[in-house]
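1. test case, fold it:
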Amino acid sequence: MIARKFRTFRQLDPGLRPLVLEAIVLPLLIRVGFSVLGIPKAPQLLARWAGAKAAKAPERPVDLIVAATRAQRIVKRSLGIEGTCLVRSLALQAMLRRRGVETSLRIGVRKVETALEGHAWLEHDGRPINEVPEVVSTYVLFEGADALMNWRTLR
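-> Predicted coordinates:
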């Protein structure tokens with residue numbers, strides 16, 4: 001089974017392979033980072049890593065966004081690695097930032113019966129990229145979401 005997955009990986013477009021590898025590793029590292037470092041420090045470290053080798057913005061960022069979200073879907077379907085909406089969004093944001101595409105982390109809340117429910121997604125140029133607009137529209141945007149990446153502003 002592992003050999004088959006490796007063959008499938010080798011058959012992917014060479015430009016997609018690094019994104020798939022990051023889509024495998026980043027969610028795991030983010031979850032460990034949350035546990036070990038806590039929520040304030042893990043996203044800061046991730047942002048530093050992503051910005052360390054940030055490339056010049058591509059001419060067509062949409063193509064890169066499509067490829068990165070596709071890599072996440074491939075990993076979810078093949079290996080079951082996904083994570084919460086926050087983990088997925090932070091991983092995708094790091095993948096894109098490393099390649100020169102800036103996004104905004106959005107966190108929304110909604111009331112479901114008597115409980116509050118939260119959801120995280122990314123936006124590029126004001127449009128959600130890892131969630132459908134119909135779902136996003138059911139949440140009230142928490143304006144401080146970008147502060148997650150810079151917790152010093154919250155103190």
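2. please count neighbours and contacts with C-alpha atoms only from this point.
-> Will do.
3. least confident secondary structure element in this protein?
-> Ranked by mean pLDDT, DSSP states H and E, the weakest helix or strand in the chain is helix 2-11, scoring a mean of 78.
4. what's the first helix or strand after that helix?
-> helix 17-36 (DSSP states H and E).
5. does anything pack onto that next one? Which helices or strands?
-> Using 3 or more CA pairs under 8 Å, 6 or more residues apart in numbering; DSSP states H and E, the elements in contact with helix 17-36 are helix 41-52, helix 61-79, helix 85-98.
6. did I read that right, W121 in a helix?
-> No. W121 is assigned strand when assessed by DSSP: H, G, I helix; E, B strand; the rest coil, not a helix.
7. on that earlier part again, just say which of the helices and strands packed on helix 17-36 is most tucked in.
-> Among these, ranked by average contacts under mean count of other CA atoms under 10 Å, first place goes to helix 85-98 (a mean of 24).
8. please work out the average pLDDT along that one.
-> In this model, helix 85-98 has a mean pLDDT of 95.
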